[in-house]
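# quick check, what structure comes out for this input:
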Amino acid sequence: MYQILSQSFQSLADTAIKYKAAYQGAKPFPNIYFDQFFNDDFLSAVANEFPDLSSGEKAAYNSPTELKMASKGEGRFSPSALQLAHFLNSEPFLKFLQELTGIEETLLPDPYYEGGGYHQIKPGGFLKIHADFNKHKLTQLDRRINVLVYLNKDWAPAYGGDFELWDEDMKNCKVKIAPLFNRVAVFSTTSKSYHGHPDPLQCPADRSRRSFALYYYTNGRPAAEVKAFEEAHGTLFKAREGVAGDNKMKKFTRTAAFIKNITPPFVFNLIRKIFIKD
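Next up is the predicted model:
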């Protein structure tokens with residue numbers, strides 16, 4: 001059994017206190033990343049056991065808004081990934097997030113991994129800039145925090161795949177985070193926390209952008225955020241002005257919204273299956 005955390009992050013409580021001001025004051029919305037967060041041998045095991053999501057049970061997204069794959073539930077998690085997931089859903093890590101983020105409502109994990117778990121993007125893949133769905137499909141809890149663990153060793157800048165954080169007006173990318181091995185990104189999710197990996201991946205054919213994602217929820221959210229989250233909504237994609245691929249995405253999202261408004265739910269879900277294949 002490996003030690004999970006690196007020596008530098010053995011005291012999660014001290015780490016949260018040390019970095020909470022930086023996190024809560026970050027622009028364009030609360031965010032931070034940590035390098036060498038996990039024990040290197042432990043996270044190497046997670047990376048080495050990462051399955052190719054091209055086959056087997058998965059969620060596959062193929063549309064002008066996203067081209068990526070993700071696991072479903074924890075059925076495909078390797079032994080080390082299962083250990084990682086259970087740690088990230090544990091009391092010590094939840095207390096760390098609570099202190100770091102300053103969220104007053106009690107943070108809750110997602111044992112169903114709705115949208116979380118293994119994520120894989122192959123060459124040419126992308127995830128356009130967006131704000132996340134706001135309610136958990138099963139529990140109806142409010143989504144508040146995303147944690148992303150990157151698993152990409154020897155990742156060259158030319159490969160692209162930077163995680164981007166954009167301002168509310170979608171005028172400027174304020175933060176870029178390279179998806180380097182043992183880098184952990186944490187950020188708050190609201191209806192205006194626009195983020196993504198919007199440009200097609202340029203890595204070699206035998207490589208892919210791999211990460212492990214966990215999301216955290218509360219029962220209710222601050223009054224200042226309630227109005228924007230009055231109704232449950234899915235992922236809200238946003239176009240960057242003047243980008244050809246994003247203009248195509250904008251037309252696609254408008255068409256999808258129109259079809260959804262005039263189509264019975266069961267018919268719309270059948271159409272949706274074309275783009276999200278279980």
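# export the host helix or strand of N146 to PDB, keeping only CA atoms.
Per DSSP states H and E: N146 is located in strand 142-150. Output of strand 142-150 as PDB, limited to C-alpha atoms (Å, rounded to 0.1, in the frame of the first residue of the first chain):
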ATOM      1  CA  ASP A 142     -25.800  22.000  -5.700                       C
ATOM      2  CA  ARG A 143     -22.400  21.600  -7.400                       C
ATOM      3  CA  ARG A 144     -19.800  23.700  -5.800                       C
ATOM      4  CA  ILE A 145     -16.200  22.500  -6.300                       C
ATOM      5  CA  ASN A 146     -14.200  20.600  -9.000                       C
ATOM      6  CA  VAL A 147     -11.000  18.800  -8.300                       C
ATOM      7  CA  LEU A 148      -8.900  17.600 -11.300                       C
ATOM      8  CA  VAL A 149      -5.800  15.300 -11.000                       C
ATOM      9  CA  TYR A 150      -3.600  15.300 -14.000                       C
END
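# what is that strand packed up against?
With contacts taken as 3 or more CB pairs under 8 Å, 6 or more residues apart in numbering; DSSP states H and E, strand 142-150 sits against helix 79-88, helix 91-101, strand 183-188, strand 209-218. Quick note: C-beta positions are derived from backbone N, CA and C, even for glycine.
# make it 7 Å
strand 183-188, strand 209-218 (3 or more CB pairs under 7 Å, 6 or more residues apart in numbering; DSSP states H and E).
# run the chain-centre distance for the very next helix or strand once past the first one.
For strand 183-188, the following helix or strand on the C-terminal side (DSSP H and E) is strand 194-197. Its chain's C-alpha centre and that of strand 194-197 lie 9 Å apart, by CA atoms, centre = their mean, to the nearest Å.
# and strand 194-197, which strands flank it?
The strands beside strand 194-197 in its sheet (DSSP bridges) come out as strand 126-131 (antiparallel), strand 163-166 (antiparallel).
# tell me the contacts of Y19?
Y19 makes contact with 32, 100, according to CB atoms under 7 Å, 6 or more residues apart in numbering.
# if we can go back for a sec, dump the helices and strands packed on strand 142-150 to CSV, plus mean pLDDT, distance to Q120 and mean neighbour count.
As requested, those are arranged in CSV below (pLDDT from 0 to 100; distance: least, CB to CB, whole Å; neighbours: other CB atoms under 10 Å):
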stretch, mean pLDDT, distance to Q120, mean neighbour count
strand 183-188, 98, 17, 21
strand 209-218, 97, 5, 23
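# which one of those lies nearest to L88?
Nearest to L88, of all the helices and strands packed on strand 142-150, is strand 209-218, at 4.6 Å by CB to CB.
# if you count contacts, what does that closest one end up packed against?
On a contact count with 3+ CB pairs under 7 Å, 6+ apart, strand 209-218 meets helix 79-88, strand 117-121, strand 142-150.
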